[in-house]
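Asks: Predicted model and sequence below, questions to follow.
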Amino acid sequence: MKAIATRLDKLKTDPARDKTLMSELGPLQTAYVRALSARKGVPDPKLEEFRWLLEELRVSLFAQELKTPMPVSVKRLQKVVGRHRGLTLQRDGIHPTSYRVQRQRHAADGLRANR
């Protein structure tokens, strides 16, 4: 929710920046949607993990001050999409389990800091 609020605040002051960042994010979202529809409802943990990477990328682009649990960038996700049809993430060293653990640790650190 903080990321959304931050993005909306920045959008008010610089809509051109938001549009530019969306143009970078758009092709990655399209790749995800296409891969998802190709699965025809069959769950795919790697594709789910790519979706979370997209979410983290949104935070990184639009609310950078909130930080992400691991390095994520447009270029990194483009490499994932470019190398593998169907978004085979594990070959790129982005393992769903390890990423999920890093995300949980990051969230736990944030909770500890807020106490």
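Replies: That came through, no problem.

Asks: Could you use CA atoms for every contact and neighbour count after this?
Replies: OK.

Asks: residues contacting the spatially closest residue to K67 that is not a sequence neighbour?
Replies: Sequence neighbours aside, S60 is the residue nearest to K67 in space, at 6.4 Å (criterion: Cα to Cα, 6 or more residues apart in numbering). Counting by Cα atoms under 8 Å, 6 or more residues apart in numbering, S60 touches L66, K67, T68, V72, S73.

Asks: lowest average confidence, helix or strand, in this structure?
Replies: Of all helical and strand segments in the chain, the minimum by mean pLDDT, DSSP states H and E falls on helix 96-114, at a mean of 51.

Asks: And L28, how far from K10?
Replies: L28 is 22 Å from K10, where distance means Cα to Cα, to the nearest Å.

Asks: okay, those two: which has more neighbours?
Replies: Neighbour count, other Cα atoms under 10 Å: between L28 and K10, L28 has more, with 19 against 15.

Asks: mind listing what's buried in the helix or strand in which R7 is found?
Replies: Using DSSP states H and E, R7 maps to helix 2-13. Residues of helix 2-13 classed as buried: A3, T6, R7, L8 (neighbour count, 16 or more other Cα atoms under 10 Å).
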